[in-house]
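1. Kindly return the folded structure for what I paste below:
(one chain, ligands or ions: 1)
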Amino acid sequence: MMSTISDGDHIDGNGAAGPFSEALGIDATTAVLTCARCASPSRFAETHVYGGAGLVSRCPECTSVLARLVRTPTDAWLDLCGAQSVRVPLTAGTPR
Ligand SMILES: [Zn+2]
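-> Take a look at the predicted model:
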């Protein structure tokens with residue numbers, strides 16, 4: 001029997017930060033997405049990410065979709081319409 005993950009099949013944002021970081025050109029784990037539905041701010045690393053046809057990041061508070069990423073062989077399609085805003089901390093010497 002496989003280990004079960006609580007409330008569905010999501011992984012946390014840390015596990016999906018790579019493709020989002022690549023598409024955004026920033027370290028996605030530290031970005032804060034404010035949910036367009038419940039206005040709750042969440043660090044990307046804390047959002048619930050679901051796989052399937054692309055990656056979907058959902059609000060941990062209300063499960064509304066915050067961001068969607070679909071990769072083709074040549075492009076990354078990023079849909080952020082579920083996020084009211086995306087805050088990206090600007091730090092000197094961004095850790096890699
Ligand atoms: Zn929400």
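2. so Arg43 touches Val32, yeah?
-> Yes. Under the criterion of Cβ atoms under 8 Å, Arg43 makes contact with Val32 at 5.5 Å. Bear in mind the C-beta positions are built from the backbone N, C-alpha and C, glycine included.
3. what do the two both touch?
-> Overlap of the contact sets of Arg43 and Val32 (by Cβ atoms under 8 Å, 6 or more residues apart in numbering) is empty.
4. how about the residues of this structure near the ion?
-> Within the chain, the positions adjacent to the ion are Cys35, Arg37, Cys38, Ser40, Cys59, Glu61, Cys62, Ser64 by Cβ under 5 Å from the ion.
5. OK, contacts around the residue lying closest to the fourth one once chain neighbours are set aside?
-> With Cβ to Cβ, 6 or more residues apart in numbering as the measure, Glu61 is the residue that lies nearest to Ser40, at 4.2 Å, once sequence neighbours are left out. Residues in contact with Glu61, defined by Cβ under 8 Å, 6+ apart, are Cys35, Cys38, Ser40, Ser42.
6. thinking again about what came up before, weed out the non-buried ones from the residues of the chain next to the ion.
-> Cys35, Cys59 (16 or more other Cβ atoms under 10 Å).
7. can you redo the residues of the chain next to the ion as JSON lines with distance to Pro19 and pLDDT?
-> Shown next, in JSON lines, are these (distance: Cβ to Cβ, whole Å; pLDDT from 0 to 100):
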{"residue": "Cys35", "distance to Pro19": "21", "pLDDT": "98"}
{"residue": "Arg37", "distance to Pro19": "24", "pLDDT": "98"}
{"residue": "Cys38", "distance to Pro19": "25", "pLDDT": "98"}
{"residue": "Ser40", "distance to Pro19": "23", "pLDDT": "98"}
{"residue": "Cys59", "distance to Pro19": "19", "pLDDT": "97"}
{"residue": "Glu61", "distance to Pro19": "23", "pLDDT": "97"}
{"residue": "Cys62", "distance to Pro19": "24", "pLDDT": "98"}
{"residue": "Ser64", "distance to Pro19": "21", "pLDDT": "97"}
